[in-house]
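*Asks:* pasted the sequence and its predicted model underneath.
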Amino acid sequence: MNVPKDHMRFFDSRAAYMMFARSTNEKESVAARVGRELSQVTPGERSLRIFDAGMGDGSVLAQLMSELHQSFTHIPWLVVGKEISIEDVRQALERIPDRLAEHPELVFVVTNMRYSEAPTLTPTELPSEGITWRDVPLQGSAAHDFAQQIRALYPTLTHDWEVRTSEVTRNPLYVRPSVLVLYRQDREFLLRPVVPKPGEGVSSYNLVIASQTYRARTSAERKAQMVLAPLAKALGAGGRLVGVHSLGDDPGLQIIRGVWPGEDPFQTTRHELMKVVATELDDDEFLLEAGSDEESVFRFHLHSMPTEEREHIGTPSILAAWNAAAYVAQIDERRLSDATASGAYIEPTAEVLREHDGLWFNNESYVISRRSGP
């Protein structure tokens, strides 16, 4: 499907994302949901291997690493994050110095490759200028030391993470496949078998995080073929993939339908998705768990605004709620601009906030695991 060049997607707007991330506890709720699986995660022979298929600003991953340190304190970790946005990469890297200080046996990798390429750190088609691979052993032993060295990399990473826009989907695509590998130099001898090398590939992940890794309106077939099947195949024996996506059936969707009656952005449930994924994976090798609603569905909330006590439902609350609802429903920029300019969103948003005394959203989760053996 060809998308008009001026048809910018609202959910790709940096300002919209930042407002959503700051005004809701979505990141914390996802980290808590994934954290419920950690007791069933077992390290491999040489290391604990984690892949985050939508790293974003690294807030979910950082919380999980902090929790993981309690259980796997002195075990080497290989943590790989996929992210194409240089703004998010910078945000995520700001969180890494503390993790390196707390867990010295950490190898942290970030890449801009596609879902089919990122887990192995190997592009399917190598461009003429090759892959950009930066191996950076960090000197020192304090978070401050690591932060200074990482920030010095930002000008170079801006070049490495250059993107172009797909003429077909308008999705951002990398100009050159890039990999950044960070670890502490004082642990280099211990981590040498864990540090990935160009051309060697990476596999056998113990945990894969797939939170909001696809567009809500994308068909189940494409979600399965392009995202979930490749990620599941990157799991090692006993490894677990935890998937999370928006469910709807909540006050957020009520706001959207107050402006666009009949709007239906969440067309594929986890049950339907697992049925399609099952056609892509071997039943004898993988176990797909949609789970009950009690196990799988969880909420996140809009933070209350500081003006609410004085103004009841003031402008900051309405704007934050409208932004969050439109972001979750992935409303495109053109329709969003029309609704904002006309003020059509104000009364539906205020009415929902009054009815529910706030705003919350539903996410649902599922687990794909690789069987340990016969």
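*Replies:* Yep, it's here.

*Asks:* assign Arg46 to helix, strand or coil.
*Replies:* At Arg46 the chain is in coil, as set by DSSP: H, G, I helix; E, B strand; the rest coil.

*Asks:* ok, it touching Leu191?
*Replies:* No. Using C-beta atoms under 8 Å, Arg46 makes no contact with Leu191, being 9.8 Å away. Yep, even glycine has a C-beta here, placed from its N, CA and C like the rest.

*Asks:* now for those two: what residues contact both?
*Replies:* Pro76 (C-beta atoms under 8 Å, 6 or more residues apart in numbering).

*Asks:* out of these two, which sits in the more crowded spot?
*Replies:* With other C-beta atoms under 10 Å as the criterion, Arg46 and Leu191 differ in neighbour count, and Leu191 comes out ahead with 22 against 13.

*Asks:* and the more buried one, its phi and psi?
*Replies:* The phi and psi values for Leu191, taken as degrees, to the nearest 10, are phi -90, psi 0.

*Asks:* what about this structure, any weak spots by pLDDT?
*Replies:* Across the chain, residues meeting the criterion (pLDDT under 70) sit at 1-13, 128, 169, 305-314, 373-374.

*Asks:* residues contacting the residue nearest the centre of it?
*Replies:* Centroid-nearest residue in the chain: Gly54, 2.8 Å away (criterion: C-alpha atoms, centre = their mean). When contacts are counted by C-beta under 8 Å, 6+ apart, Gly54 is found next to 82-83, 209-213.

*Asks:* buried set for the helix or strand encompassing Arg334?
*Replies:* Secondary structure from DSSP states H and E places Arg334 in helix 333-342. Along helix 333-342, these residues count as buried under the neighbour rule (16 or more other C-beta atoms under 10 Å): 333, 336, 339-340.

*Asks:* for Glu355, which non-adjacent residue is spatially closest?
*Replies:* In space, not counting the residues next to it along the chain, Glu355 is nearest to Pro251; the distance is 7.5 Å by C-beta to C-beta, 6 or more residues apart in numbering.

*Asks:* report the contact partners of that neighbour.
*Replies:* Applying C-beta under 8 Å, 6+ apart to Pro251 gives the contacts 352, 355-356, 359-361.

*Asks:* got a PyMOL select line for the buried ones in the residues you listed?
*Replies:* Of the contacts of Pro251, the buried ones can be selected in PyMOL as follows, counting by 16+ other C-beta under 10 Å:
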select buried, resi 352+359+360+361
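
*Asks:* now the contacts of Pro251 in JSON lines, with secondary structure?
*Replies:* Rendered in JSON lines, the data for the contacts of Pro251 read as follows (three-state DSSP):
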{"residue": "Val352", "secondary structure": "helix"}
{"residue": "Glu355", "secondary structure": "helix"}
{"residue": "His356", "secondary structure": "helix"}
{"residue": "Leu359", "secondary structure": "coil"}
{"residue": "Trp360", "secondary structure": "strand"}
{"residue": "Phe361", "secondary structure": "strand"}
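
*Asks:* which of the contacts of Pro251 sits closest to Glu289?
*Replies:* Distances from these to Glu289 were compared by C-beta to C-beta; the smallest belongs to Phe361, at 22.6 Å.

*Asks:* wait, that closest one sits on Ala329?
*Replies:* No. The pair formed by Phe361 and Ala329 falls short of the contact definition of C-beta under 8 Å, at 9.6 Å.

*Asks:* and for those two, which residues touch both?
*Replies:* With contacts defined as C-beta under 8 Å, 6+ apart, the residues shared by Phe361 and Ala329 are 246, 252.

*Asks:* do a quick rundown of the helices in the stretch 51-200 of the chain.
*Replies:* With helices called from DSSP state H, counting those that start in this stretch, the stretch 51-200 of the chain shows them at 59-71, 86-94, 96-102, 143-151, 154-160, 188-191.

*Asks:* that'll do, ta.
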